[in-house]
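1. quick one: sequence and predicted model below, then my questions.
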Amino acid sequence: MSNAELETNALNDQSVKLYRNPKSGHCHRVELMLALLEVPYDIVDLDMANGAHREPGYLKISPLGQVPAIEDNGITLSDSNAIITYLVERYGDPALWIGTEPLEKAQVQRWLSIAAGEIAAGPCAARLVTVFDAPLDHEAAKAKAHALLKMMNAHLEDRDWLAADRPTLADIAGYSYIAHAPEGGVGLADYPHVRAWLARIEALPRFIGMARSPALA
């Protein structure tokens with residue numbers, strides 16, 4: 001076995017450490033990516049209610065005190081979209097997950113931006129109110145969520161995946177909060193193409209789900 005092969009095997013034998021809240025969709029998208037890539041990982045559930053995410057040791061890993069964050073062979077990284085991009089670059093096939101040509105890459109990036117923007121302000125924010133008692137405008141968040149879902153349903157009417165002819169980072173980044181939107185009072189009954197897309201993701205080999213809270217819609 002060559003030195004390069006030995007080094008690769010050594011890396012693969014080491015687990016990524018994932019710092020998370022088990023009910024966070026941002027954390028779930030990272031855990032889902034780890035599972036799909038078959039990357040070994042260990043979970044550290046932070047006691048955020050008692051301020052574990054603000055402890056000096058954790059702030060060295062995630063300077064804004066946010067979850068998720070990872071440690072990987074001496075590398076620390078926070079921000080879920082940054083982490084899933086890193087994971088496919090390090091452990092996966094970047095062309096498969098990020099894109100093979102300029103337009104496809106741009107479409108993936110567009111949906112990563114939507115995950116950080118419209119998804120965060122809509123279904124994510126609505127769920128923060130109901131699951132975590134966040135002091136946000138619940139009705140405004142639900143309205144934003146339905147506007148987004150209407151757009152996504154039309155987008156998925158004649159396609160299986162958000163950005164390409166296969167699952168990409170766009171789908172992984174979008175899945176968690178859309179799948180759990182009913183927990184925030186945002187129903188999915190009116191969006192059959194979105195529900196079919198969620199089912200396709202859930203049918204992927206090695207898919208893992210996120211802890212569920214009671215649905216309100």
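-> The structure has been received and is ready for your questions.
2. ranges for the strands of this protein?
-> Along the chain, counting by DSSP state E, strands occupy 16-20, 41-45, 69-72, 75-78.
3. rounded mean pLDDT for the third one, please.
-> Average pLDDT, strand 69-72: 98.
4. of the strands of the chain, which is nearest Val129?
-> Closest approach to Val129 among these (CB to CB): strand 16-20, 20.6 Å. To be clear about C-beta, it is placed using only N, CA and C from the backbone, and glycine gets the same treatment.
5. from Ile70, how far out is Pro56?
-> Counting by CB to CB, to the nearest Å, the separation of Pro56 from Ile70 is 19 Å.
6. between these two, which is the more surrounded one?
-> Counted by other CB atoms under 10 Å, Pro56 and Ile70 do not tie: Ile70 has more neighbours, with 24 against 6.
7. isn't the more buried one up against Val16?
-> Yes. Assessed by CB atoms under 8 Å, Ile70 is found in contact with Val16 at 5.4 Å.
8. quick one, domains of the protein?
-> Domain ranges of the chain: 3-92, 97-202, per automatic domain parsing.
9. I'd like those domains as CSV, with distance to Pro214 appended.
-> Below are the domains of the chain laid out as CSV (distance: least, CB to CB, whole Å):
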stretch, distance to Pro214
domain 3-92, 12
domain 97-202, 7
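10. ranking those by mean pLDDT, which is last?
-> domain 3-92 - the lowest mean pLDDT of those, at a mean of 89.
11. which one of the strands of the chain lies nearest to His180?
-> In terms of CB to CB, the element of the strands of the chain nearest to His180 is strand 16-20, at 14.9 Å.
12. and the closest one, what does it pack against?
-> If you count contacts as 3 or more CB pairs under 8 Å, 6 or more residues apart in numbering; DSSP states H and E, strand 16-20 packs onto helix 25-36, strand 41-45, strand 69-72.
13. that one vs helix 25-36, what angle?
-> 160 degrees (axes from the mean of the first three to the mean of the last three CA atoms, to 10 degrees).
14. and the residue sitting nearest the centre point of the chain, what does it touch?
-> Nearest to the centroid of the C-alpha atoms of the chain, with distances taken as CA atoms, centre = their mean, sits Arg29, at 2.3 Å. Each residue near Arg29 by CB atoms under 8 Å, 6 or more residues apart in numbering is listed here: Ser80, Ile84, Ala115, Ile172, Ala173, Tyr175, Ser176.
15. just the CA coordinates for the top helix by length along the chain, please, in CSV.
-> The single longest helix within the chain, with elements called by DSSP state H, is helix 138-155. Taking C-alpha atoms only, helix 138-155 is exported to CSV below (Å, rounded to 0.1, in the frame of the first residue of the first chain):
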residue,chain,number,x,y,z
HIS,A,138,-44.9,34.2,13.8
GLU,A,139,-47.5,35.3,11.3
ALA,A,140,-44.9,37.1,9.2
ALA,A,141,-42.6,34.1,9.2
LYS,A,142,-45.5,31.8,8.1
ALA,A,143,-46.4,34.2,5.3
LYS,A,144,-42.8,34.2,4.1
ALA,A,145,-42.8,30.4,4.3
HIS,A,146,-45.9,30.0,2.2
ALA,A,147,-44.6,32.4,-0.4
LEU,A,148,-41.4,30.3,-0.6
LEU,A,149,-43.3,27.0,-0.8
LYS,A,150,-45.5,28.3,-3.6
MET,A,151,-42.3,29.2,-5.6
MET,A,152,-40.7,25.9,-4.8
ASN,A,153,-43.8,23.9,-5.8
ALA,A,154,-43.9,25.6,-9.2
HIS,A,155,-40.1,25.1,-9.6
